[in-house]
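Novice: Structure for the following, please:
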Amino acid sequence: QVLELYHGLPALGECTPVRREAEALVFAFADRGSAAHFDLAVDHVLRCGGSDGRRPHRVELWVCPPLAERFLRHQRKLSEENKPTETKWVFHGTRQANVASIMSEGFLVGGARGHTAANGSAFGKGVYTATSLATPLGYAGADNCVILARALPGGVGSSPYDRVQPGHVLCDSWTPHSDWHVFWSAAQLLPVFVLWFK
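Specialist: Sure, this is the predicted structure:
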């Protein structure tokens with residue numbers, strides 16, 4: 001089953017997708033207690049802080065097998081390189097116009113392969129995320145949508161040039177600020193939820 005690739009998310013049971021976007025199936029949940037997926041996302045928002053008491057009023061779960069398989073391949077690669085393979089949840093704020101492409105095709109690394117960094121790259125080229133909600137909500141602007149993604153930090157440094165193993169191996173991700181986390185590769189991120197705030 002596809003959801004096994006999504007790290008033990010609750011089963012969808014009788015839920016049916018509200019739409020399909022490219023390779024992704026989209027499920028929508030609108031009130032706490034009606035679906036374990038809504039509760040999981042909202043509980044993570046409340047635990048992580050930075051939301052100033054705001055809660056999502058709608059949660060979308062995007063199930064995209066090609067992105068999930070790419071994520072698992074990257075996890076295996078980290079394992080083969082004797083690097084950490086633990087996952088963590090991170091937030092990424094974006095405009096509504098970017099949501100469908102991120103959720104169905106994956107993140108783009110700002111400043112790489114001709115993709116312009118939407119908000120600069122002061123701490124190196126990569127996908128910028130945070131473990132709390134304040135900064136991503138700021139980048140969401142008036143659209144008020146934030147992506148909650150599963151992440152593979154791998155070897156973590158404090159800058160993109162930190163070495164995580166003696167010799168020559170650069171870090172896989174870095175934390176330039178207390179709750180920021182920047183990833184070299186889009187394969188390290190599996191976008192799972194879109195959280196819509198009022």
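
Novice: list the contacts for the residue nearest in space to the middle of the chain?
Specialist: By CA atoms, centre = their mean, the chain has its centre lying nearest to residue 149, at 2.2 Å. With contact taken as CB atoms under 8 Å, 6 or more residues apart in numbering, residue 149 is in contact with 89, 90, 91, 92, 107, 129, 189, 190, 191, 192. Heads up, the C-betas are built off the backbone N, CA and C, glycines and all.

Novice: element containing it, please.
Specialist: For residue 149, the element it lies in under DSSP states H and E is strand 145-151.

Novice: what pairs with that strand, and is each one parallel or antiparallel?
Specialist: Here strand 145-151 is paired, per DSSP bridges, with strand 88-94 (antiparallel), strand 189-197 (antiparallel).

Novice: just checking, residue 12 touches residue 26?
Specialist: No - the criterion here is CB atoms under 8 Å, and residue 12 misses it with residue 26 at 11.8 Å.

Novice: any common contacting residues for the two?
Specialist: Listed as contacting both residue 12 and residue 26 by CB under 8 Å, 6+ apart are residue 61.

Novice: and residue 82, how many neighbours does it have?
Specialist: Counted by other CB atoms under 10 Å, the residues lying close to residue 82 total 10.

Novice: if I've got this straight, it is in a strand?
Specialist: No - using DSSP: H, G, I helix; E, B strand; the rest coil, the assignment for residue 82 is coil, not a strand.
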